[in-house]
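S.K.: Predicted structure and sequence below. I'll ask about it afterward.
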Amino acid sequence: MTPRKIIIDTDPGQDDAVAILLALASPEDIEVLGITCVAGNVPLDLTSKNARIVCELAGFPDVSVYAGCDRPLGRDLVTAEHVHGKTGLDGPDLPDPTMPLADGHAVDFIIDTLRDHAPGTVTLCPLGPLTNIATALQKAPDIASRIARIVLMGGGYFEGGNITPTAEFNIYVDPQAADIVFKSGAPIVVMPLDVTHKALVTKPRNDAFRALNTPVGIAVAQMTDFFERFDKEKYGSAGAPLHDPCVTAYLINPDLFTGRHINVEIETQSELTMGMTVADWWRVTDRAPNATFMGDIDADGFFALLTERLARL
Ligand code: RIB
Ligand code: CA
């Protein structure tokens, strides 16, 4: 199978970092055309720095990394230093990047790349708030029909929310952007908290990262050691949920996941439930399905794949 051409849109964040590492470690499955950064876990200057730190950690200093939107479409930026630390990549002590940012805005890179490649050949992989993707769709509506698929981490149904009782962070930060994306007509695959909360870095799994005894393996172990505190405290979970790497793993082996093609709408009016993904899991409405919403994961298979691929870097 020819590698799938993708753009990773991201707000690193330790879990974003692992998702990027998994993609770069999998050239037979994935061709990373570029990485576009967005404000989310931490402000844009840090997410665009962290993305380059990760590329250099992986040994890929030539990846084009673009800075994108520094705030949501219609709300003040909410960040998550309480989860990811002040730098957004707390845990390992990694050197500042030497690779520069690519010239130009991330939104223009997304638009130009979709227009320069044949329709249906480029997959967008948003791992943070959907501000860049929505801005590109607003600026160039023609790209919607050119997108092969949008495979994103965001939302939740049975799991509720992680930043409010009803909203997951990526959607909550920019609900207006999420609404634009979910109404775009592009094929969408959603990795919600319902799945990512089953992808927990338990101690044996963290030990397996560390046992790789490589700079990447040790850094990933240190990253997940750091950002598990939030979820352990809040949910009593057995380790850090590896949210974003579920997106990359889906591109490599979709059979690791099961879900339903259903209607998903975004709450953009009520402050009480702002950013909620209203997933019609039981198909109780006549709203047209617009997304494949994942509900389960083969967690052991996921971690076996992840560890095997990280060992390559
Ligand atoms: O809610 C989890 C998501 O929000 C992940 O993508 C994490 O990196 C943050 O962006
Ligand atoms: Ca993220």
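M.R.: Perfect, I can see it now. Ligands and ions are numbered 1, 2, ... in the order given.
S.K.: So which bits of the stretch 101-250 of the chain are right by ligand 2?
M.R.: Counting by CB under 5 Å from the ion, the residues of the stretch 101-250 of the chain close to ligand 2 are 127-128, 244. Every residue, glycine included, has its C-beta placed from N, CA and C.
S.K.: give me that answer again for 8 Å
M.R.: 127-128, 153, 169-170, 243-244 (CB under 8 Å from the ion).
S.K.: Redo these as a markdown table? Include neighbour count, secondary structure and distance to residue 280.
M.R.: Shown next, in a markdown table, are these (neighbours: other CB atoms under 10 Å; DSSP: H, G, I helix; E, B strand; the rest coil; distance: CB to CB, whole Å):
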| residue | neighbour count | secondary structure | distance to residue 280 |
| --- | --- | --- | --- |
| 127 | 31 | coil | 24 |
| 128 | 30 | coil | 25 |
| 153 | 31 | strand | 20 |
| 169 | 26 | helix | 22 |
| 170 | 31 | helix | 20 |
| 243 | 28 | coil | 23 |
| 244 | 32 | coil | 25 |
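S.K.: can those residues go into a markdown table with extra columns for pLDDT?
M.R.: What follows is those, written out as a markdown table (pLDDT from 0 to 100):
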| residue | pLDDT |
| --- | --- |
| 127 | 99 |
| 128 | 98 |
| 153 | 99 |
| 169 | 98 |
| 170 | 98 |
| 243 | 98 |
| 244 | 98 |
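S.K.: In three-state terms, label residue 31 for me.
M.R.: Following DSSP: H, G, I helix; E, B strand; the rest coil, residue 31 is assigned to strand.
S.K.: For it, which non-adjacent residue is closest in space?
M.R.: Closest residue to residue 31 apart from its sequence neighbours, by CB to CB, 6 or more residues apart in numbering: residue 3 at 4.3 Å.
S.K.: need the contact list for that neighbour.
M.R.: Shown in contact with residue 3 (CB atoms under 8 Å, 6 or more residues apart in numbering): 27-31.
S.K.: same for ligand 1: which of the residues you listed are within range?
M.R.: Contacts with ligand 1 within the contacts of residue 3, as defined by CB under 6 Å from any ligand atom: none are present.
S.K.: Please indicate which of the residues you listed are buried?
M.R.: 29-30 (16 or more other CB atoms under 10 Å).
S.K.: Residue 153 touches residue 243, doesn't it?
M.R.: Yes - counting by CB atoms under 8 Å, residue 153 sits close enough to residue 243 to count as a contact (5.1 Å).
S.K.: coming back round to it: got CSV for the residues of the stretch 101-250 of the chain next to ligand 2, with distance to residue 15 too?
M.R.: Formatted as CSV, these follow (distance: CB to CB, whole Å):
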residue, distance to residue 15
127, 8
128, 10
153, 8
169, 11
170, 11
243, 5
244, 4
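S.K.: show me which of those residues neighbour ligand 1.
M.R.: Contacts with ligand 1 within those, counted by CB under 6 Å from any ligand atom: 127-128, 153, 169-170, 243-244.
S.K.: Can you pick out the most distant pair from the contacts of residue 3?
M.R.: Spatial extent of the contacts of residue 3 (CB to CB) is set by the pair 28 and 31 at 9.8 Å.
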